[in-house]
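Peer 1: sequence plus predicted model, see below.
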Amino acid sequence: MKRHSRLACLLSAAVMILTSAPGTTATAGTEREVGVKDGYHWELWNEGGQGNPQMTVGDKGTYSCSWSGIKNVLFRSGQKFENYPQWKTLNGITVDFEASEYRPNGNSYLCVYGWTKQPLAEYYIVENYGNWRPPGESNTMRKVGEITANGGTYEVYKGTHDGPSIEEGVTHFNQYWSVRKDGQLRNSGQIDVSAHFQQWEQYGMEMGGLYEVALNVEGWMSSGTAKITKNDLTLGENPNPDPGTTPGTEPEPEVSYTAPSGKGTGITDGFEGTGTSWAVRGDGVKYGFNKDFVHGGSQSLYVTERSQSWHGVSAASDELEAGGSYTFSTYVGYNSQTYTSATFVLGLQYTLDGDTKYDNLAEVKAESGKWAQLSKSFTIPEGAQKISLYVQTEYNETPEAKDKISFYLDDAELTGGRTPLTTTLPVTTPAPVTTTAQATTGGVTQYSLEIRALPAKTSYVIGEALDLTGGKAEGWITEGDKHGDTFTQPFTYEAFTVDASEFDNTKAGTYQIYVKYGTATCSFEVTVSSEPQIGTTTGFSITPTNDPRYGDANLDSYVDVSDAVLVARFINSDASAQITDQGLKNADCDGVSGVDSGDITRILLYIAKIVTGEQMGKAL
């Protein structure tokens, strides 16, 4: 059902203008009755003069009313303006109200009601209603968003309407609505009218010169009773819901804007120091350290004066390499009296083949006053240059105020990197091997060894000699808590021992070649065939001496990104992710029982050489 409420329908009926005394009962025998009492302009407007509406006007804007048999009736008391001021010049409009009785039978609204001129607009701020939620959507009335005001959330509607208006002969005009959400409806409280007006304008709902502000009870083809026992309309005093703010504006935190000019520690940053490597993104954007709203520690990064939705902060560093696989995490938040939620985006910017690319990696919807985590694992394309990460709000080509809110960033962390490979073979870092410790005079010594590159030649035909050129291994020693230097050298390095005793170039087969460092051993395969193998390349497998082979979830004898992907699919219940029992043992590599996201992180850290082979399978 669509309601049709209008003010000033002056058809052929006479207009009776009454100035009521205390307790006067005005019976709507005509289209319209008005008066002034204690500085409040009251009005009873009854479309078509139908039914039996009654209004008793009390002191200081209060009144009681009843209606039955009507088409459309409005009972209201408030303020009318002769010079049609702009609402902003009034420095705040509030209504403190109480309806000790509101008993509609059918369609009715308890609301702040009024009109503006130039442009002509009828408006409603609805606090409670009867059996139908206004205004109903149609091709001329659409919901445009939600706002927060008066301690509640309101749905906002914008449209046009055809019918009687306050301007004689004008029947087409704008109509604006704020309708309090179900579950929050009320019959008393404070209505910050200015806050609604300000937030409406952000949706293109232009407010003209103010004609009227009134507390209104309306009925549409219904019956009911109401008693307005408090109606304190205040003009010219800012209600200040928070000290130092104006209606609809956001509180400004204490921020040190000069601190970030110092150098930071890189992309990973808790913003606890005197500087940061993160930079502003967009002309005019400001940022600084803030202590009022933090996720961890005592500071966060505050980003403000954003004039575009893509404005924010970014970080470019040598840590980001083409072909590298990373995991990035940070926390974002904001504080707003206007917007209950906002969407934030983590993106990757780079140039590739001369074109600038913007990849949206992740997004999260945050609530005002609460932190939300932005997190994503990603791989940078090979050949990418000028690489950076950025954080912004959701992109909007024609941004509104909600797209340009100030926000906070805290606890940024980047892990991962490019796997160092010196071969074009389709392999990645093999699994590490740490042998059983042996006692020495200085304590416990552990030898660790990893193969970092295969020989250039791993496929042979009968009669060809073994050639280890190009093969490299990485070794290191740990004595007690003291770690020796890590070195990467060819297999022929004096500290390594190569055992090729199984290799037989007189007959076809697959043979293991062993590389040893101290008591650590790794191996790889080579093949001997009776005929040359055209167009084939033999990979290698690592045969470590420890079991399980931590990180090798897919049992291909390598620890690489494919293992991390398989584990991620498994813990997200991907039915096509098949892991054997041995694969699950290998995947559980973070020292905490059970396969979870921590194991994915440990695999990526190992690939990036942030953790060593001896640390796989151990809690850090």
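Peer 2: Nice, thanks for sending it over. Residues are numbered from 1 along each chain as shown.

Peer 1: contacts for stretch 174-185, please.
Peer 2: Stretch 174-185 is contacted from outside by 119-129, 133-135, 141, 147, 149, 152-161, 186, 196, 200, 205-206, using CB atoms under 8 Å, 6 or more residues apart in numbering. Glycine gets a C-beta too; all of them are placed from N, C-alpha and C.

Peer 1: from the residues you listed, which land in helices?
Peer 2: 196, 200 (DSSP state H).

Peer 1: restricted to strands, list the contacts of stretch 174-185.
Peer 2: If you go by DSSP state E, these have 121-129, 141, 147, 149, 152-161 in strands.

Peer 1: in PyMOL, how would I select the buried members of the residues you listed?
Peer 2: The following PyMOL line selects those of the ones in strands among the contacts of stretch 174-185 that are buried, judged by 16 or more other CB atoms under 10 Å:
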select buried, resi 121+122+123+124+125+126+127+128+129+141+147+149+152+154+155+156+157+158+159+161
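
Peer 1: leaving out the residues flanking it, which one is nearest to the residue of the chain positioned farthest from its centre?
Peer 2: Distance from the C-alpha centroid of the chain, by CA atoms, centre = their mean, peaks at residue 506 (65.0 Å). Distance criterion CB to CB, 6 or more residues apart in numbering; nearest residue to residue 506, sequence neighbours excluded, is residue 462 at 6.4 Å.

Peer 1: am I right that the one you found is in contact with residue 529?
Peer 2: Yes. Here residue 462 reaches residue 529: they are 7.4 Å apart, a contact under CB atoms under 8 Å.

Peer 1: for the stretch 151-300 of the chain, what spans make up the helices?
Peer 2: Taking DSSP state H, counting those that start in this stretch to define them, one finds helices in the stretch 151-300 of the chain at 193-201.

Peer 1: any regions of it where pLDDT drops low?
Peer 2: Under the criterion pLDDT under 70, the flagged ranges of the stretch 151-300 of the chain are 237-252, 258-265.

Peer 1: circling back to that earlier point, element containing the residue farthest from the centre of the chain, please.
Peer 2: Using DSSP states H and E, residue 506 is not contained in any helix or strand.

Peer 1: what's the pLDDT at it?
Peer 2: Residue 506 is assigned 85 on the pLDDT scale.

Peer 1: quick one, strands of the stretch 1-150 of the chain?
Peer 2: Here the stretch 1-150 of the chain has its strands, by DSSP state E, counting those that start in this stretch, at 16-17, 25-27, 32-37, 40-46, 54-57, 63-67, 72-80, 93-117, 121-129, 141-149.

Peer 1: can you tell which of those is closest to residue 230?
Peer 2: strand 93-117 (3.7 Å; CB to CB).

Peer 1: let me see the mean pLDDT of that closest one.
Peer 2: 95.

Peer 1: what strands flank that strand, and is each parallel or antiparallel?
Peer 2: strand 121-129 (antiparallel), strand 188-192 (antiparallel), strand 209-210 (antiparallel), strand 212-235 (antiparallel) (DSSP bridges).

Peer 1: buried stuff in that strand?
Peer 2: 93-95, 97-99, 102, 104, 107-117.

Peer 1: what's across from the nearest residue to residue 66 once chain neighbours are set aside in the sheet?
Peer 2: Distances taken as CB to CB, 6+ apart put residue 225 closest to residue 66, at 4.5 Å, once the chain neighbours are dropped. Applying DSSP bridges to residue 225 gives these bridge partners: residue 66, residue 103.

Peer 1: could you count how many residues lie near residue 225?
Peer 2: When neighbours are counted by other CB atoms under 10 Å, residue 225 registers 16.

Peer 1: for this protein, name the helix or strand with the lowest mean pLDDT.
Peer 2: strand 16-17 (a mean of 30; mean pLDDT, DSSP states H and E).

Peer 1: where in this structure is pLDDT low?
Peer 2: 1-30, 237-252, 258-265, 419-445, 479-485, 531-547.

Peer 1: surely residue 107 and residue 223 touch.
Peer 2: No. Taking contacts as CB under 8 Å, residue 107 lies outside contact range of residue 223: 10.2 Å.

Peer 1: the stretch 501-620 of the chain: strands as residue ranges?
Peer 2: Remark: strands assigned in the stretch 501-620 of the chain by DSSP E, counting those that start in this stretch are 509-517, 520-529.

Peer 1: what's the closest of these to residue 54?
Peer 2: Nearest of the strands of the stretch 501-620 of the chain (CB to CB): strand 520-529, 96.4 Å.

Peer 1: spit out the contact partners of residue 74.
Peer 2: By CB under 8 Å, 6+ apart, the neighbours of residue 74 are 5, 7, 43, 44, 45, 46, 113, 216, 217, 218.

Peer 1: who wins on neighbours among those residues?
Peer 2: Going by other CB under 10 Å, residue 217 tops these with 29 neighbours.

Peer 1: report the beta-bridge partners for that one.
Peer 2: residue 75, residue 110.

Peer 1: from residue 592, how far off is it?
Peer 2: Residue 217 sits 63 Å away from residue 592 when distances are taken as CB to CB, to the nearest Å.

Peer 1: next one: residue 330
Peer 2: 24 Å.

Peer 1: likewise for residue 44?
Peer 2: 73 Å.

Peer 1: what does residue 161 give?
Peer 2: The gap separating residue 161 from residue 592 is 63 Å, by CB to CB.

Peer 1: what is the neighbour count of the residue nearest to residue 506?
Peer 2: 14.

Peer 1: list the contacts of it.
Peer 2: 505, 506, 507, 508, 528, 529, 530.

Peer 1: please name the nearest non-neighbouring residue to residue 34.
Peer 2: Residue 34 sits nearest to residue 43 (CB to CB, 6+ apart), 4.6 Å away.
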